[in-house]
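S.K.: sharing a sequence plus its predicted fold:
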Amino acid sequence: QELAVNAKQRPANLYQDHKERRVTPSLAAQAKKDSIHFTWSYIPPVVFLKTHKTGGSTVQNVLFRMGEKDGATFAFPYYTYQFSYPDKFRADFVDELPEGSSNFDILCSHMRLDIEELRPMMLPNTIYVTILRDPVRTFESVFSCYTSTVPAFTLAKKAAEHRSALSMFLESPESFWDPKEPRNGLAKNPMSFDLGLDGQKWDSWPTDLTQLEETFQLVMIAEHFDESLVLLGALLKLELEELAYVHFNTRSAQDLTPLDDITKARIRAWNRMDVLLYDFFLHLFWEKAARYGMERLKKDVARLRASTDRIRQKCVSRKEVPPGELEDLLRPVQTDSATILGYHVQGNLTKQAQGFCMRFVLPERHYHAHLYFQQYGRAMRPVPTTSFSISFKSHMFPRIQFSNPSKVQHPIT
Ligand SMILES: Nc1ncnc2c1ncn2[C@@H]1O[C@H](COP(=O)(O)OS(=O)(=O)O)[C@@H](OP(=O)(O)O)[C@H]1O
């Protein structure tokens, strides 16, 4: 019932131009600086449900930059970078409201969704967005990046010896997969898992799908990333320049597993719920695109690509840089089984341009640490290592090791 109310509150045309309601970023930032009691609610608050290995860090970087510029209040996890994943979201996973803020404006860190717990945390006019990716590509990426941390994958790797671990797993996934093992959440239907669904429970499936449709104003599609960004920009009233991006968390070419038709079919069969989820929201995506106007979308995508190219040229001197050649601040966190690439920033920039360009390519956790410090005036809390589930989390998503600890405090100016 609550979901239905939320749907009714939305404007009939989500893509109508409501720029007039937007407070200028400088005004918002100034108001916060001046400690004027300021509610960011002129701009709709936003939840971005960051699913795994779908291009979510790229979207998150756009939101981090937007929020930092606009003086937004972020809903950050109480510990480190994610909301106690893979536990289902709970309100007490969120850090306190900082002094002077009356509500959270942006929430965009990894979690496993529980909408009933999440909704009361945010204002009623909050815009909910997520992203899905072709389930075959998603699963291949999840398998490659988490071979050492998802037990079902690790068992398959051990059994495979010198064969492909992915092929070994897909030949008989049930023999490696224990559904009761909480760390196996990403091993089957990873996108559905992140959206809070139970990949084994089909009886509630149509209702679950309807609930998700009612919850999310926009489900972005990684294969149509630029179109998705334009629709996101329309919802959040962003200028096209604010949507410029680089790809985050790109793996090195040698870590990509080439997939033959049999492997693809096996991935689709094993991740059937993700396939249906993706197909459903892909269809819905094009319906929303049609409502925005296909000609208008095409034009805006062309403009977005032009401004993104211009900004990339200004900011990036080299892309796909291996971790060993990156300074600490620009080195993405590596997984045990895949190499994640990063960027070199152009030299000879003005101080202001350098500040922008660093943020443009700043890996997720470093940006998160920076914003957290800015918001609370203290470093993020480390994960306690006593409980079983938490030690898994810290292993799966290790903390950044800065060679100079002072950088944690003030990573960028
Ligand atoms: N803009 C855009 N469009 C399409 N695909 C993109 C984009 N940005 C990032 N990527 C690819 O997404 C994968 C990383 O996803 P995430 O950032 O969600 O990873 S993570 O869960 O936060 O670790 C990773 O995929 P793989 O290289 O297959 O692993 C990225 O290359």
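M.R.: Perfect, I can see it now.

S.K.: tell me how many other residues surround E223.
M.R.: Other residues near E223 come to 14 when the count uses other C-beta atoms under 10 Å. To be clear about C-beta, it is placed using only N, CA and C from the backbone, and glycine gets the same treatment.

S.K.: could I get the pLDDT score of it?
M.R.: Reported pLDDT at E223 in the predicted model: 98.

S.K.: got it, and V94?
M.R.: 97.

S.K.: mind listing what it touches?
M.R.: Going by C-beta atoms under 8 Å, 6 or more residues apart in numbering, V94 touches 75-78, 83, 104, 107, 121.

S.K.: again, 6 Å this time
M.R.: Contacts for V94 were tallied using C-beta atoms under 6 Å, 6 or more residues apart in numbering; they are A75.

S.K.: what's the answer for L155, then?
M.R.: By C-beta under 6 Å, 6+ apart, the contact list for L155 reads F176.

S.K.: in the helix or strand hosting it, what counts as buried?
M.R.: Element membership for L155 (DSSP states H and E) is helix 151-160. By neighbour count with 16 or more other C-beta atoms under 10 Å, helix 151-160 contains the buried residues 151-157.

S.K.: before we move on, what about stretch 68-86?
M.R.: 68, 70-77, 79-86.

S.K.: do the same with stretch 340-354
M.R.: For stretch 340-354, burial by neighbour count (16+ other C-beta under 10 Å) applies to 340-345, 354.

S.K.: and stretch 109-118, by the same measure?
M.R.: Using 16+ other C-beta under 10 Å as the test for burial, stretch 109-118 gives 109-113, 115, 117-118.

S.K.: start to end distance for that stretch?
M.R.: Its first and final residues considered, stretch 109-118 spans 13 Å by C-alpha to C-alpha, to the nearest Å.

S.K.: mind checking how far that stretch is from the chain centre?
M.R.: Relative to the chain's own centre, stretch 109-118 is displaced by 13 Å; criterion: C-alpha atoms, centre = their mean, to the nearest Å.

S.K.: repeat for stretch 351-365
M.R.: 18 Å.

S.K.: buried sites along it?
M.R.: Quick answer for stretch 351-365 (16+ other C-beta under 10 Å): 354, 356-365.

S.K.: any chance of those residues in CSV, plus secondary structure?
M.R.: Output for the buried residues of stretch 351-365, formatted as CSV (DSSP: H, G, I helix; E, B strand; the rest coil):
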residue, secondary structure
Q354, helix
F356, helix
C357, helix
M358, helix
R359, helix
F360, helix
V361, helix
L362, coil
P363, coil
E364, helix
R365, helix
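
S.K.: which of those residues sits closest to the ligand?
M.R.: When these are compared for distance to the ligand (C-beta to the nearest ligand atom), E364 wins out at 6.3 Å.

S.K.: for that closest one, which non-adjacent residue is spatially closest?
M.R.: Distances taken as C-beta to C-beta, 6 or more residues apart in numbering place S57 nearest to E364, at 4.8 Å, with adjacent residues excluded.

S.K.: returning to what we had before: distance from the helix holding L155 to the middle of the chain?
M.R.: 27 Å.

S.K.: do you have the helices of the stretch 301-413 of the chain handy? List them.
M.R.: According to DSSP state H, counting those that start in this stretch, the stretch 301-413 of the chain carries its helices in the segments 351-361, 364-376, 388-396, 406-409.

S.K.: what about the nearest residue to T73 once chain neighbours are set aside, which SS state?
M.R.: Among residues not flanking T73 along the chain, S101 sits closest, at 4.0 Å (C-beta to C-beta, 6+ apart). Of the three states, S101 takes coil under three-state DSSP.

S.K.: still on that earlier bit, helices and strands around the host helix or strand of the residue nearest to E364, which ones?
M.R.: Assigned by DSSP H and E, S57 belongs to helix 56-70. Other elements packing on helix 56-70 under the criterion 3 or more C-beta pairs under 6 Å, 6 or more residues apart in numbering; DSSP states H and E are helix 25-33.

S.K.: what does stretch 245-252 rub up against?
M.R.: Contacts for stretch 245-252 (C-beta under 6 Å, 6+ apart): 57-58, 62, 338-341, 361.

S.K.: that one near the ligand anywhere?
M.R.: Yes - against the ligand, stretch 245-252 shows contacts by C-beta under 6 Å from any ligand atom at 247-251.

S.K.: stretch 255-267 and the ligand, any residue contact?
M.R.: No - Stretch 255-267 does not reach the ligand (C-beta under 6 Å from any ligand atom); its nearest approach is 6.5 Å.

S.K.: and that stretch, end to end?
M.R.: End-to-end span of stretch 255-267 (C-alpha to C-alpha): 18 Å.

S.K.: just the buried residues of it, please?
M.R.: Within stretch 255-267, the residues that qualify as buried are 255, 259, 263-264, 266-267, counting by 16+ other C-beta under 10 Å.

S.K.: ok, of those, which one's closest to F176?
M.R.: R266 (13.3 Å; C-beta to C-beta).

S.K.: check which helix or strand covers the closest one.
M.R.: helix 261-270.

S.K.: from the rest of the structure, what touches that helix?
M.R.: Residues beyond helix 261-270 that count as contacts (C-beta under 6 Å, 6+ apart) turn out to be 136, 139, 170, 173, 275.
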